[in-house]
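In: Kindly return the folded structure for what I paste below:
(one chain, ligands or ions: 1)
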Amino acid sequence: MSGSLSSVDPQIADLIKAEERRQTDTVKLIASENYVSKAVLEATGTVLTNKYSEGYPGKRYYEGQQVIDQIETLAIERAKSLFGVNHANVQPYSGSPANLAIYMAFLQPGDTVMGMGLPFGGHLTHGWSVSATGKWFNPVRYGVRKDTGRVDLDEVREIALRERPKLIFCGGTAIPRTIDFPAFAEIAREVGAVLAADIAHIAGLVAGGAHPSPVGHADVISTTTHKTLRGPRGAMLMATSDEHAAALNKAVFPGLQGGPHNHTTAAIAVALGEAATEEFKAYAHQVVANARALAEELNSRGFDLVSGGTDNHLILMDLTPKGVGGKPAAQALDRAGLETNYNSVPFDTRKPFDPSGIRLGTAGVTSRGMGTDEMRQIGVWIDQVVTALAKGEDEAEHVVARVQGEVRELTSRFPAPGL
Ligand SMILES: *Cc1c(COP(=O)(O)O)cnc(C)c1O
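Out: Below you'll find the predicted structure:
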């Protein structure tokens, strides 16, 4: 009971070390990931994991909450002050259960929910068919225009007027452009729907002032805490009206969850404290500047970027003109030390498990202190690997080996936080 991890379970300890090595040596371009600080990591690995605290601060079902109540209250207060909301719930286990809590709070099974379709950049939990939210509710979907790659708000309004959803989601997982919260709010008001802004991807940009805030427009705000916000795996639900606040709290507990993960709550509080600093503001703006630089480099090299570029941390590109599928490209890039994910693009003619695109994000590389020069270099490497791959696997392996060496040199100059 008192031995360290490496003596108690060397197998797991070695695997964790190996993952740490891998994260150190690769350039993380996965748009949903980041590197948390040492302080956030430290908070997650604490004795707080031992404590049960069903309920909310001051209203618990177990004794011994003297300390936990203070921790959760701090997390809540920091969330309220950072995002400028009256209410925050920091207990959802992750983004998907947080979104389910929104359904639980405002809908009955079979009610209509409107969200962006998954292939257009929406999330599974916005009513996609394989998700519980698409099976137990009646989903209707909007997408993006083929010519612009952007959401057409006239189309969103038409669908909303026709289908009368009770709940509308805006936001998603592969949206490279600014979300027009006021326009969505107007549509939601017109049809009497609850508007949920899912800012899982962009929460750090919103907190840092690098993306407009949904506060004052959306009825409910849902976010993960581990993407651009750079906290532990977790989620939050926020609202400005007390009425919605009560419904959300009841939906999270006892509606969907039991005890909150207190070690995570503490780490969320730490991350929110970090996100309130001037340093984080500069970080958020650098994330966007980096994405723009990477997009420009890729554009100039003939890559087909969905919507032509980016306003945030994320780039989605269609590799069809390069003559390569998204999956083989992502795999070759990973061998070169450039970690991305293959992704469907709007109107994709290929299957989701073998789609046409890849998705890139700059939250992680910016946390390592990389700037626009490094982004241009990364753009060059991506082009070299993809272009070589189009000529065949053998050709690609030479290029991959060379790029991998160069990537290793870059990552050694930019140590990752927390590692
Ligand atoms: C990541 C994400 C989620 C889900 O978060 P998990 O923590 O993976 O469950 C929900 N909505 C959006 C828009 C996301 O990007």
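In: And residue 9, what's its pLDDT?
Out: We have a pLDDT of 97 for residue 9.
In: Quick one: residues contacting the residue in the stretch 1-150 of the chain that the ligand sits nearest to.
Out: Going by Cβ to the nearest ligand atom, the ligand is nearest to residue 95 of the stretch 1-150 of the chain, at 2.3 Å. Any C-beta I mention is one placed from the backbone N, CA and C, and that applies to glycine too. Residues near residue 95 by Cβ atoms under 8 Å, 6 or more residues apart in numbering: 123, 125, 198, 200, 222, 223, 224, 235.
In: Which positions in the stretch 51-200 of the chain make contact with the ligand?
Out: Neighbours of the ligand within the stretch 51-200 of the chain, by Cβ under 6 Å from any ligand atom: 94, 95, 96, 99, 123, 125, 171, 172, 173, 198, 200.
In: Any idea how many residues pack against the third one?
Out: I take that to be residue 96. 19 (other Cβ atoms under 10 Å).
In: The residue nearest to it when sequence neighbours are not counted: what secondary structure?
Out: The shortest distance from residue 96 to any non-neighbouring residue, by Cβ to Cβ, 6 or more residues apart in numbering, is to residue 125 (5.1 Å). The three-state assignment at residue 125 reads helix, by DSSP: H, G, I helix; E, B strand; the rest coil.
In: average pLDDT across stretch 354-365?
Out: Rounded mean pLDDT across stretch 354-365 is 97.
In: That stretch and the ligand, any residue contact?
Out: No. Judged by Cβ under 6 Å from any ligand atom, stretch 354-365 stays clear of the ligand, getting no closer than 10.8 Å.
In: Could you export that stretch as PDB, CA atoms only?
Out: Provided in PDB are the C-alpha atoms of stretch 354-365 (Å, rounded to 0.1, in the frame of the first residue of the first chain):
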ATOM      1  CA  ASP A 354     -11.800   6.200 -44.200                       C
ATOM      2  CA  PRO A 355     -12.700   9.800 -44.900                       C
ATOM      3  CA  SER A 356     -11.200  12.400 -47.200                       C
ATOM      4  CA  GLY A 357      -9.800  14.900 -44.600                       C
ATOM      5  CA  ILE A 358      -7.600  15.500 -41.700                       C
ATOM      6  CA  ARG A 359      -8.200  17.900 -38.800                       C
ATOM      7  CA  LEU A 360      -5.400  20.000 -37.300                       C
ATOM      8  CA  GLY A 361      -5.300  22.200 -34.200                       C
ATOM      9  CA  THR A 362      -2.800  24.500 -32.700                       C
ATOM     10  CA  ALA A 363      -3.700  24.400 -28.900                       C
ATOM     11  CA  GLY A 364      -1.000  21.900 -28.000                       C
ATOM     12  CA  VAL A 365       1.900  23.300 -30.000                       C
END
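In: I appreciate the help and will end here.
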